[in-house]
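Novice: My questions are about this predicted structure, shown below with the sequence.
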Amino acid sequence: MSVLQIPGVANIRDVGGIAAGASRVRDGVLFRSGNLAHLTPEGDGLLRERVRRVIDLRDDAEVLAEPSMLLDVPTTRVPLFIGSVASFFTEDVSLAGMYRHLVDDAAPRLIDAIRVIAAGEPTLVHCTVGKDRTGVTVALALSAVGADREEVIADYALTASQLPAARTRAIVQYLRARHPDARNAIDLATSSPAPVMRELLSGIERQHGSIAGYLRTGGLTDAELEALGRTLVA
């Protein structure tokens, strides 16, 4: 995986290079990031050189608050959360619980996102900070084509170190004031611990036999899985 420097975009990287059996994930086909609301003109040019399709996993309120500045690259909206993102904080849901919610309740939309990746164009997946919705979507896509489990987890875990420090400080201060008794709020906003992703993927495999089995149960066809493999694996 390669961390990129695109002015105005945080937490952006190319996941190419991760081992997948005897092969590797292709460079330049799957990217992940935070939102594109602060993309600069320079960043716009650099991103257009790499990306032909964008998947935006945010809900309508998030898009309205921070609209993308990448205007002419085709974007597929796939809002993953049902209801308000804020509800996870007010209900003090754990990070693991939020991910299980995604896997259990948003399977059709996760499948929609993975279908876009499988179409074969260089694709950027993003949500607000590129941690949770993006992390789960990318981990599922990579795992379905046989990417090395620990490298997939390492890619997810890298996110916490890529979030802007000033944002993290501001979020922590806000959450401590707004949800002083919440045990999980700060982790929800700032953490990407490897054990959480490891257990999520292992839990899916226990239930469905494999990550590909989970995607098949959700409606992804064998032909679409094969297309995903051709897209992602060299």
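Specialist: That came in fine, so what should we check first?

Novice: For this protein, just list every one of the helices.
Specialist: Taking DSSP state H to define them, one finds helices in the chain at 41-48, 60-65, 86-90, 95-105, 107-118, 133-144, 149-162, 165-178, 185-190, 194-208, 211-217, 222-232.

Novice: buried sites along the last one?
Specialist: For helix 222-232, the buried set under the neighbour-count rule, 16 or more other Cβ atoms under 10 Å, comprises 224-225, 227-229, 231-232. Where C-beta positions appear, they are placed from N, C-alpha and C, glycine not excepted.

Novice: Is it possible to get CSV of these that adds pLDDT and distance to residue 63?
Specialist: What follows is the buried residues of helix 222-232, written out as CSV (pLDDT from 0 to 100; distance: Cβ to Cβ, whole Å):
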residue, pLDDT, distance to residue 63
224, 97, 27
225, 97, 30
227, 98, 28
228, 98, 26
229, 97, 31
231, 97, 26
232, 98, 27
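
Novice: Need the per-residue pLDDT for the residue minimising distance to the centre of the chain.
Specialist: Most central residue of the chain, judged by C-alpha distance to the mean C-alpha position with Cα atoms, centre = their mean, is residue 134 at 1.0 Å. pLDDT, residue 134: 97.

Novice: What of the one 5 residues further on?
Specialist: The per-residue pLDDT reported for residue 139 equals 98.

Novice: okay, now it: neighbour count?
Specialist: Counted with other Cβ atoms under 10 Å, the burial measure for residue 139 works out to 23 neighbours.

Novice: For it, give its distance to residue 38.
Specialist: As for residue 139, its distance to residue 38 is 25 Å (criterion: Cβ to Cβ, to the nearest Å).

Novice: Could you tell me which ranges of this protein sit under the pLDDT cut-off?
Specialist: In the prediction, the chain carries residues with pLDDT under 70 at positions 83-86, 89, 172, 174-175, 177-179, 181-182.

Novice: Swap in 80 and give it another go.
Specialist: When the per-residue scores of the chain are filtered using pLDDT under 80, the ranges that remain are 1, 82-92, 164-189.

Novice: Report the spatially closest residue to residue 187, excluding sequence-adjacent ones.
Specialist: Counting by Cβ to Cβ, 6 or more residues apart in numbering, residue 187 lies nearest to residue 95, which is 5.2 Å off, once chain neighbours are set aside.

Novice: Tally up the residues packed near the one you found, please.
Specialist: Should you count by other Cβ under 10 Å, residue 95 turns out to have 20 residues around it.

Novice: How about the contacts made by it?
Specialist: If you count contacts by Cβ atoms under 8 Å, 6 or more residues apart in numbering, residue 95 has them with 132, 184, 187-188, 191, 193, 196.

Novice: I'd like to know which of the residues you listed is nearest to residue 154.
Specialist: Using Cβ to Cβ, residue 193 is the member of the contacts of residue 95 that sits closest to residue 154, with 11.8 Å.
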